[in-house]
Each structure stands twice: as structure tokens, then as C-alpha cells.
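Colleague: dropping the sequence and predicted coords here.
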Amino acid sequence: MAFANELDSGDTGWILTSTALVLFMTLPGLALFYAGLVRSKNILSVLMQCFTLACVVSVIWVVAGYSLAFKGSNPFIGNLDYFLLANLTRESLSGSIPESVFIIFQMTFAIITPALVVGAFAERMRFTAMVIFSSIWLLLVYIPACHLIWGGGYLGELGVIDFAGGLVVHATCGIAALVCAIVSGSKKRV
């Protein structure tokens, strides 16, 4: 059994496998699911929305998202000590896995969360508006929620337990999807 500050190859292998599985839930899983729900003329648009979100969220996560979600001792939001992953080294560990693996694992959740919201405004929002909304939503909702619960923030200190992202992923994107669906109105079928 490895101690918290020792690298464990079994833990690393499992987290890498889990990372691939979570990414496959988004690309192609969620993308194809949403493609099956829209009219044929909008299939490529929905697929591109999911793939573009994966790219945009990955950049945001590396630039500042990880640092704001998991670094710092502020109870509500992290800091920018890891801006552009500046303080990440080859020896950095998160528990018993390399911190770089943990960063990528958490990034897959950051990717799938705004992608889940896409279904609420499929066929009702322009592509550019979706990218801007999702980027702002990630920075203002997902990342603070992630820090509050998973990143050692206020709710985590209170003992809130979030198994499988019930609060950080599902509650945040569910509320956002509901609000988006209400604001964008019903689909106009022709």
C-alpha cells in the first residue's frame, strides 16, 4: 500500500483509464446522443458544439481553471499560483498519482459539464454565443463550485460529500440547462 506522498502505478493506471472513459462519455458519447435528438440539418452543428467545447474548455482549464479550482486556501475560489500550470513539476503528486494525471482527469469533468448543458439549447443558440456562454459559465459557475466542494473550499470543509459529481457536475449543469431552456423558449418546429 502506497503512502499519500508516494507514486502508485496502480492508482495512476486506474485514473488514466477513468480519464479515457469520462472523455469517451463526451466525445463521442454525448455528442452522438445530442446528434440523435436534433433535426438532420443541425446534426453537424451539435457535433461541432461538443467538439469545440472540448477544445475551448481544455485551454481554459490549463490556463487558469485548474489553479482556480484546486489551488489556494481561499474558501470560495482558488488562486493563480498554477496559472498556465507554471508550478507543475514532473515530481508533483496529487495523493498517489502524478499531478499532471489528476489535472487531465479533472479536465475531463470540466469538459463534460458544459457539454451537458448543450442539450438544453440545441437548435436554439448560435455557435459563437454557445462558446462564449459556456466559457463564462465554466469560469463563474463550474470552477467556483469545484473549488468549494472538491478543491478544499468552504463546503468541503463543512463535510459535504460529492460522490461522482452529483453537486459539482450534475447540479450545476442541470440548473444551467433548466435556465437556458426557459430563457431560450421552445423549439420552433416546421
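Modeller: Structure's in. What do you need?

Colleague: tell me how many other residues crowd the nearest residue to Tyr142 once chain neighbours are set aside.
Modeller: Counting by C-beta to C-beta, 6 or more residues apart in numbering, Thr113 is the residue found nearest to Tyr142 once chain neighbours are left out, at 5.3 Å. In this view, the C-beta of every residue, glycine as well, is placed from N, C-alpha and C. For Thr113, the number of neighbouring residues by other C-beta atoms under 10 Å comes to 26.

Colleague: does Ala54 touch Val118 like I think?
Modeller: No - between Ala54 and Val118 there is no contact under C-beta atoms under 8 Å: 11.3 Å.

Colleague: contacting residues around the residue nearest to Tyr142?
Modeller: By C-beta atoms under 8 Å, 6 or more residues apart in numbering, the contact list for Thr113 reads 138, 142, 165, 168-169, 172-173.

Colleague: confidence score at it?
Modeller: Predicted confidence (pLDDT) for Thr113: 97.

Colleague: Val38 now?
Modeller: pLDDT for Val38: 94.

Colleague: that one: neighbour count?
Modeller: 17.

Colleague: Phe133 too?
Modeller: Neighbours of Phe133 under the rule other C-beta under 10 Å: 17.

Colleague: so what's the residue nearest in space to the middle of the chain up against?
Modeller: Nearest residue to the geometric centre of the chain (C-alpha atoms, centre = their mean): Ala110, 0.9 Å. Contacts for Ala110 (C-beta under 8 Å, 6+ apart) come out as 57, 60-61, 65, 69, 138, 142-143, 146.

Colleague: just the residues you listed now: which is nearest Ala177?
Modeller: The closest of the contacts of Ala110 to Ala177 turns out to be Tyr142 (C-beta to C-beta; 12.9 Å).

Colleague: would you confirm that Ala64 contacts Phe83?
Modeller: Yes - between Ala64 and Phe83 a contact is recorded at 5.8 Å, counting by C-beta under 8 Å.

Colleague: what segments of this structure are strands?
Modeller: Ranges of strands within the chain are 93-94, 97-98, based on DSSP state E.

Colleague: extract the residue ranges of this structure that are flagged as low pLDDT.
Modeller: 1-4, 188-190 (pLDDT under 70).

Colleague: can you point out the buried residues in stretch 91-99?
Modeller: For stretch 91-99, the neighbour count (16 or more other C-beta atoms under 10 Å) marks 93-99 as buried.

Colleague: Glu6 is in contact with Ser96, isn't it?
Modeller: Yes - the pair Glu6 and Ser96 passes the contact test of C-beta under 8 Å, sitting 6.2 Å apart.

Colleague: re earlier: can I get the buried residues of stretch 91-99 in JSON lines including distance to Ile132?
Modeller: What follows is the buried residues of stretch 91-99, written out as JSON lines (distance: C-beta to C-beta, whole Å):
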{"residue": "Leu93", "distance to Ile132": "36"}
{"residue": "Ser94", "distance to Ile132": "31"}
{"residue": "Gly95", "distance to Ile132": "35"}
{"residue": "Ser96", "distance to Ile132": "39"}
{"residue": "Ile97", "distance to Ile132": "34"}
{"residue": "Pro98", "distance to Ile132": "33"}
{"residue": "Glu99", "distance to Ile132": "30"}
